[in-house]
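In: Below is the sequence, then the predicted model.
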Protein chains: 2
Amino acid sequence: MIGLGLIGGSLLRAAAAVGRTAWGATASEMDATAAAADGHQASTDVDEALRQAAERDALVVVAVPLTGLDDVLRRVAEHAPNCLLTDVTSVKSAVLGSVRAFAPSARYVGGHPMAGTTESGWRAGNAALFGGTPYVVCVEEDTDLSAWAEVAQLAIDMGAHVVPLPASSHDEAVARISHLPHLLAAVLAAVGAQGGPLAMSLAAGSYTDGTRVAGTRAELVRAMTEGNRAALLPVLDEALGRLGATRGSLASTGGLAATINAGHEGAQTFAAARQATPAGVRVSLTAPDAREGLCALGERGGRITSIAGDTAIGEVH
Amino acid sequence: MIGLGLIGGSLLRAAAAVGRTAWGATASEMDATAAAADGHQASTDVDEALRQAAERDALVVVAVPLTGLDDVLRRVAEHAPNCLLTDVTSVKSAVLGSVRAFAPSARYVGGHPMAGTTESGWRAGNAALFGGTPYVVCVEEDTDLSAWAEVAQLAIDMGAHVVPLPASSHDEAVARISHLPHLLAAVLAAVGAQGGPLAMSLAAGSYTDGTRVAGTRAELVRAMTEGNRAALLPVLDEALGRLGATRGSLASTGGLAATINAGHEGAQTFAAARQATPAGVRVSLTAPDAREGLCALGERGGRITSIAGDTAIGEVH
């Protein structure tokens, strides 16, 4: 585990909890000390941790912020060039590009656990962080499915369910359901605060909910939104188009039915997606069209919940 | 109480709970039957309830949706023309205009309890709905402060604290902290749903929070946003301006620091407003500048928490 913050620290704890041999390194002396004090093998020597991974043919998980990624990838190329490699970053196309540039021999499978809190650092983590959450494990045209299965098994061991997707589909989806929400929350928090103490004194549920994620550390939000620029721009345009149409309609006819009904339908679609009863699916990882099958499952909102031999077992609505 | 839905029904229960003599009427046979079954004096005869109010010099609370307001006001003018009158509608300038048009002799004091859920109807209500919430009680240039004190006392009896404001200030503030959040939630829910089952399967905290109020009944959201058109338009323009600048910045430099930092500062302003220790204030309701004093308190984010004789007692940060 390279990086022992909220996500890396939680993964290290969860891996140890299920009996895996796991060790970690981080540039943060504070996090390394805290992890060691909790009984984990943890240091600030990233190179040594990577050499140990190369010797033992371990899965290397890079859990550093996007801004620190390239440096770690260069170290991977030096100390564990052929390792099985994954990451936990919230954008996947950009990381795929970095891996191809800086650690091209690594057997890389991108990952993104859709879990987190607004806090950070080793102390904020816990082994149960991933329980019941979606964990995207990327499938590209050249992905080695035995490597994929190892990363997927790690996610399943953490209590998560696996969503198999190409990086591009992941990035488009998270632009909609994570990055756009963060930007709208920021806009709302800024406009609300312009209303001064009066607006703050009247703010209730709709404002509190709508601005909650605006309290997230600004650097984290910048890293994920700026790092997903290509996928985020068209989604931002969709939101701008709808908000502009809302403004035009209110100014001209005074009616907001189109906006509000579309939002209500969207909310019902979301609620229905959570309540539907799923059907079981199985994907043979040795089939010639296994990659397509996995990606089609993910695109349809499906998930892998276990891996038995060469078969990925899951469900889809 | 005219209207026995979520708000009217909760007010009737709370008024009865503090020992007030209270009765209600509603056009909804279902709500009237349910209220009567719970032991309240309730019927579908609005005219008779108003005649009873005129006879007993009661405070009339109109708790019907904005779309049904004018009809009720016409009945007030016929059956209880000089009554003490308040309402619970989420826009105040429009209601003030309707009262002046349809029930001009009533001693009207506008009200807006900032409480609610996404549910509606008598069954959704409860006497504790208003506990600890802001309750705007309007002060206009011609407001009779003895009438104001009676409405404020009702709000205080409900467990709410009173925010004294002119209708225009109320409408501007709720455009920012209630109506804009509803429109942004609608836009987010629509854009998210465009991502199909995949986006829905990955959606987590930021999306769930950001779209929650999009599940509110569409007619209620339309009534409050369309009814607050004049105040909502400039606030919508502020949001569009910020979101457009965000788009431009992402497309050109790729940086989102301005948007995200402003949002983070807004979130901190909101959190600080909730944590600050208030100072006590007293406003004499018989002073010549009492109306200005009350409004100034509300504009600064202050509140009235009790009324003793001719003195309104409260606090401000």
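Out: Perfect, thanks for sending it.
In: Would you enumerate the residues in contact with A:Thr21?
Out: Counting by Cβ atoms under 8 Å, 6 or more residues apart in numbering or on different chains, A:Thr21 touches A:56, A:58. C-beta here means a position set from N, CA and C on the backbone, and glycine is covered the same way.
In: The residue lying closest to A:Ala185 once chain neighbours are set aside: what's it in contact with?
Out: Computed as Cβ to Cβ, 6 or more residues apart in numbering or on different chains, the closest residue to A:Ala185 that is not its neighbour in sequence is A:Ala214, at 4.2 Å. Going by Cβ under 8 Å, 6+ apart, A:Ala214 touches A:182, A:185-186, A:188-189, B:263-264, B:266-267.
In: How about A:Thr133?
Out: Residues in contact with A:Thr133 (Cβ under 8 Å, 6+ apart) are A:113-115, A:159-161, B:204.
In: Return the residues of the stretch 1-150 of chain A in contact with chain B.
Out: A:114-116, A:133-134, A:136 (Cβ under 8 Å from any Cβ of the partner chain).
In: Now, of the contacts of A:Thr133, which are buried?
Out: When those are checked for burial by 16 or more other Cβ atoms under 10 Å in any protein chain shown, the buried set is A:113-115, A:159-161, B:204.
In: Which pair in the residues you listed has the greatest spatial separation?
Out: Spatial extent of the buried ones among the contacts of A:Thr133 (Cβ to Cβ) is set by the pair A:Gly159 and B:Ala204 at 14.8 Å.
In: can I assume A:Leu129 sits in a helix?
Out: No - judged by DSSP: H, G, I helix; E, B strand; the rest coil, A:Leu129 forms no part of a helix; its state is coil.
In: Leaving out chain neighbours, which residue sits closest to it?
Out: A:Ser10 (4.0 Å).
In: gap between that neighbour and B:Arg74?
Out: Here the criterion is Cβ to Cβ, to the nearest Å. By it, A:Ser10 lies 63 Å from B:Arg74.
In: out of these two, which sits in the more crowded spot?
Out: A:Ser10 (27 against 14; other Cβ atoms under 10 Å in any protein chain shown).
In: what helices or strands is the helix or strand harbouring A:Val72 leaning on?
Out: A:Val72 belongs to helix A:69-79 when assigned by DSSP states H and E. Helix A:69-79 is packed against helix A:46-56, strand A:59-62, helix A:93-102, with contacts defined by 3 or more Cβ pairs under 8 Å, 6 or more residues apart in numbering or on different chains; DSSP states H and E.
In: do that again at 6 Å, thanks
Out: Judged by 3 or more Cβ pairs under 6 Å, 6 or more residues apart in numbering or on different chains; DSSP states H and E, helix A:69-79 is in contact with helix A:46-56, helix A:93-102.
In: then that helix to CSV, C-alphas only?
Out: Extracted C-alpha coordinates of helix A:69-79, given in CSV (Å, rounded to 0.1, in the frame of the first residue of the first chain):
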residue,chain,number,x,y,z
LEU,A,69,0.9,9.9,-8.6
ASP,A,70,3.5,10.4,-11.3
ASP,A,71,6.3,10.4,-8.8
VAL,A,72,5.2,7.1,-7.3
LEU,A,73,4.8,5.6,-10.7
ARG,A,74,8.4,6.5,-11.5
ARG,A,75,9.5,4.7,-8.4
VAL,A,76,7.3,1.7,-9.3
ALA,A,77,9.1,1.5,-12.7
GLU,A,78,12.5,1.6,-10.9
HIS,A,79,11.8,-0.8,-8.0
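In: Please point out which parts of the helix or strand following it sit buried.
Out: Proceeding N to C from helix A:69-79, the next assigned helix or strand is strand A:84-87, under DSSP H and E. Residues of strand A:84-87 classed as buried by neighbour count (16+ other Cβ under 10 Å): A:84-87.
In: Stretch A:44-53 too?
Out: Residues A:44, A:46, A:49-50, A:52-53 are the ones in stretch A:44-53 that count as buried (16+ other Cβ under 10 Å).
In: right, and out of those residues, which lies closest to chain B?
Out: Nearest to chain B, judged by Cβ to the nearest Cβ, of the buried residues of stretch A:44-53 is A:Val46 at 28.1 Å.
In: how much space between the closest one and A:Gly97?
Out: With Cβ to Cβ as the criterion, A:Val46 and A:Gly97 are 22 Å apart.
In: hang on, the earlier thing: can you give the distance from the helix holding A:Val72 to the centre of its chain?
Out: How far helix A:69-79 lies from its chain's middle: 21 Å, per Cα atoms, centre = their mean, to the nearest Å.
In: Please enumerate the strands of the stretch 201-317 of chain A.
Out: A:279-284, A:303-308, A:311-316 (DSSP state E, counting those that start in this stretch).
In: Next, the angle helix A:69-79 makes with the helix or strand of chain A with the lowest mean pLDDT.
Out: Here the helix or strand of chain A ranked lowest by mean pLDDT, DSSP states H and E is helix A:218-226, holding a mean of 92. Angle, helix A:218-226 to helix A:69-79, by axes from the mean of the first three to the mean of the last three Cα atoms, to 10 degrees: 80 degrees.
In: and helix A:218-226, anywhere near chain B?
Out: Yes - counting by Cβ under 6 Å from any Cβ of the partner chain, chain B has neighbours in helix A:218-226: A:218, A:221-222, A:225-226.
In: Now list the buried members of the residues you listed.
Out: Buried among these by 16+ other Cβ under 10 Å: A:218, A:221-222, A:225-226.
In: thinking again about what came up before, can I get the helices and strands packed on helix A:69-79 in JSON lines including distance to A:Gly248 and mean pLDDT?
Out: Compiled in JSON lines, the helices and strands packed on helix A:69-79 are given as follows (distance: least, Cβ to Cβ, whole Å; pLDDT from 0 to 100):
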{"stretch": "helix A:46-56", "distance to A:Gly248": "54", "mean pLDDT": "97"}
{"stretch": "helix A:93-102", "distance to A:Gly248": "34", "mean pLDDT": "96"}
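In: Pairing partners for the most centrally placed residue in chain A in the sheet, please.
Out: Most central in chain A under Cα atoms, centre = their mean is A:His112, positioned 3.2 Å from the mean C-alpha point. Beta-bridge partners for A:His112, by DSSP bridges, are A:Val136.
In: For the stretch 101-250 of chain A, just list every one of the helices.
Out: Remark: helices assigned in the stretch 101-250 of chain A by DSSP state H, counting those that start in this stretch are A:145-157, A:167-174, A:180-193, A:196-202, A:205-211, A:218-226, A:229-252.
In: Done for today, thanks.
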